[in-house]
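Enquirer: Only the shape, not the letters, is given here:
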């Protein structure tokens, strides 16, 4: 065990640190997070407008001749449904901030470039943007455009290829003029790319990227093997003391968020939900109790911990973990770099994914309906809200029971070893 721990500290930990410091991943993480308040608020309206009680939606539909329900759905589309637009700004700003240049200007330019690459709708009533691309289908172009825009922007700024204004000019005006030259180049490149794609067999940049990424994205976002790999890597990073969600989520987050929105759109339309693997699937069924699914470990600690350390840790770890906050047990027991807990910490979330995926595929567990339930929502409540069905609560209970059995024998060894040295 000592040799394995030393090997991980020597080889894996430096790699994990380097990955965690990649500017692009940090920018994607922060940019997607910028849209989360809107997604959560929109989810509240989605829950109210589609609450799974017989007659509820019909009753809402009769109020104000159906205009109340229509306006609530409009709020959902105007919050949850513009995550692509928000991500373009947030990622561009975040990437520019990594280079310590004007993030706001870079974010604005990223939005403009993103809109140039997004097709327009032309009709007798005027011109518009398809709502489809404003939301989840626009995220991947938002990532590419945000990163490239910020990189081009900082290249010009750092080399002083800008229009400089006198010092007496207000800073906000100076920044606007400084963005003119890089902004012209960025928007010109976006225009040329959009024109070339328009002449090709692809309808637009969104379709081109979706077709190119269909293989890898399909593996990660649509297969059990991809889901198992995702949670395994998340736990591995956490075990080494690095926030696994920040690293793995930077890559997989946009994929599962897009799946979430696909289910949300299908749910609003009364169609069959297309995706099993969504953000809520992982939060509510794979990571119960946080990274490593440590709620099972905390329950084992609460009922079977006999050492003085375990007794002291019970109130500190149990209450936060009800809200999926795992840090007290992660660093208090500790779990991090504790080779005695390596096996259950890595494998328990993988087992959870297999159970939940199989149950969903068999029709025993309802698919998540696209509601962005906050990750701090306690289990059972979160399962019902995420699926809109009691099956969410039942399978959370089953998974928690399995997690306790996974952690219990390993925890008993840790607790006994601790009692021996006390």
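Expert: It's in. None of the values given here were measured: they were computed from a predicted structure.

Enquirer: where do the strands sit along the stretch 1-150 of the chain?
Expert: Applying DSSP state E, counting those that start in this stretch to the stretch 1-150 of the chain gives strands spanning 121-123, 126-128.

Enquirer: Name every sheet partner of the last one and say whether each one runs parallel or antiparallel.
Expert: Sheet pairing of strand 126-128 (DSSP bridges) gives strand 121-123 (antiparallel).

Enquirer: Which parts of the stretch 301-422 of the chain are helices?
Expert: 308-321, 327-332, 342-361, 381-387, 390-421 (DSSP state H, counting those that start in this stretch).

Enquirer: buried residues in the third one?
Expert: Counting neighbours by 16 or more other C-beta atoms under 10 Å, one finds that the buried residues in helix 342-361 are 342, 344-353, 355-357, 359-360. For glycine as for every other residue, the C-beta is placed from the backbone atoms N, C-alpha and C.

Enquirer: can you check the longest one too?
Expert: By 16+ other C-beta under 10 Å, the buried positions in helix 390-421 come out as 391-396, 398-400, 402-404, 406-408, 410-411, 414-415, 418.

Enquirer: who does that helix touch, helix- and strand-wise?
Expert: helix 295-304, helix 308-321, helix 342-361, helix 381-387 (3 or more C-beta pairs under 8 Å, 6 or more residues apart in numbering; DSSP states H and E).

Enquirer: now with 6 Å?
Expert: For helix 390-421, the packing partners by 3 or more C-beta pairs under 6 Å, 6 or more residues apart in numbering; DSSP states H and E come out as helix 295-304, helix 342-361, helix 381-387.

Enquirer: re earlier: ok, the buried residues of helix 342-361 vs residue 301, which is closest?
Expert: Using C-beta to C-beta, residue 344 is the member of the buried residues of helix 342-361 that lies nearest residue 301, at 12.8 Å.

Enquirer: returning to what we had before: redo the strands of the stretch 1-150 of the chain as CSV? Include mean pLDDT, mean neighbour count and distance to residue 332.
Expert: As requested, these are exported to CSV (pLDDT from 0 to 100; neighbours: other C-beta atoms under 10 Å; distance: least, C-beta to C-beta, whole Å):
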stretch, mean pLDDT, mean neighbour count, distance to residue 332
strand 121-123, 72, 9, 55
strand 126-128, 75, 8, 54
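
Enquirer: Of all these, which one is nearest residue 67?
Expert: strand 126-128 (21.9 Å).

Enquirer: Tell me which helix or strand comes right after the helix or strand containing residue 235.
Expert: Assigned by DSSP states H and E, residue 235 falls within helix 224-239. Following helix 224-239 in sequence order, the next helix or strand is helix 244-269 (DSSP H and E).

Enquirer: residues contacting the closest residue to residue 290 other than its chain neighbours?
Expert: Distances taken as C-beta to C-beta, 6 or more residues apart in numbering place residue 326 nearest to residue 290, at 2.9 Å, with adjacent residues excluded. Counting by C-beta atoms under 6 Å, 6 or more residues apart in numbering, residue 326 touches 290-291, 294.

Enquirer: Same question for residue 410.
Expert: The contact partners of residue 410, by C-beta under 6 Å, 6+ apart, come to 341, 344.

Enquirer: which residue packs closest to the spatially most central residue of the chain, ignoring adjacent ones?
Expert: Nearest to the mean C-alpha position of the chain, by C-alpha atoms, centre = their mean, lies residue 253 at 3.6 Å. The shortest distance from residue 253 to any residue other than its chain neighbours is 5.6 Å, reached at residue 32 (C-beta to C-beta, 6+ apart).

Enquirer: residues near the one you found, how many?
Expert: Residue 32 has 24 neighbours, counted by other C-beta atoms under 10 Å.

Enquirer: Need the pLDDT of it.
Expert: Predicted confidence (pLDDT) for residue 32: 84.

Enquirer: cool, and the one 5 residues further on?
Expert: Residue 37 is assigned a pLDDT of 86 by the prediction.

Enquirer: could you measure it against residue 79, distance?
Expert: 9 Å (C-beta to C-beta, to the nearest Å).

Enquirer: The two - which one has more neighbours?
Expert: Shown here are residue 37 and residue 79; by other C-beta under 10 Å, residue 79 has more neighbours (22 against 11).

Enquirer: can you tell me which residues contact that one?
Expert: For residue 79, the contact set (C-beta under 6 Å, 6+ apart) comprises 38, 41-42.

Enquirer: Over to residue 408?
Expert: residue 300.

Enquirer: what do you get if the cut-off is 10 Å, keeping everything else the same?
Expert: Taking C-beta atoms under 10 Å, 6 or more residues apart in numbering as the contact definition, residue 408 lies against 296-297, 299-301, 303-304, 344.

Enquirer: cool, and residue 181?
Expert: 153, 156-157, 161-163.

Enquirer: Nearest to residue 108, out of those residues: which one, please.
Expert: For the contacts of residue 181, the nearest to residue 108 is residue 153 (10.2 Å; C-beta to C-beta).

Enquirer: Looking at neighbours, which among the contacts of residue 326 is most surrounded?
Expert: Busiest of the contacts of residue 326 [other C-beta under 10 Å] is residue 294, holding 33 neighbours.

Enquirer: Could I get the pLDDT score of it?
Expert: pLDDT for residue 294: 93.

Enquirer: same thing with residue 241?
Expert: On the pLDDT scale, residue 241 gets 68.

Enquirer: And residue 375, by the same measure?
Expert: 81.

Enquirer: before we move on, back to that, nearest to residue 199, out of the strands of the stretch 1-150 of the chain?
Expert: Comparing the strands of the stretch 1-150 of the chain by C-beta to C-beta, strand 121-123 comes nearest, at 17.7 Å.

Enquirer: what's residue 96 in contact with, if anything?
Expert: Contacts for residue 96 (C-beta under 10 Å, 6+ apart) come out as 23, 27, 102-107, 109-110, 146, 149-151, 153-154, 157.
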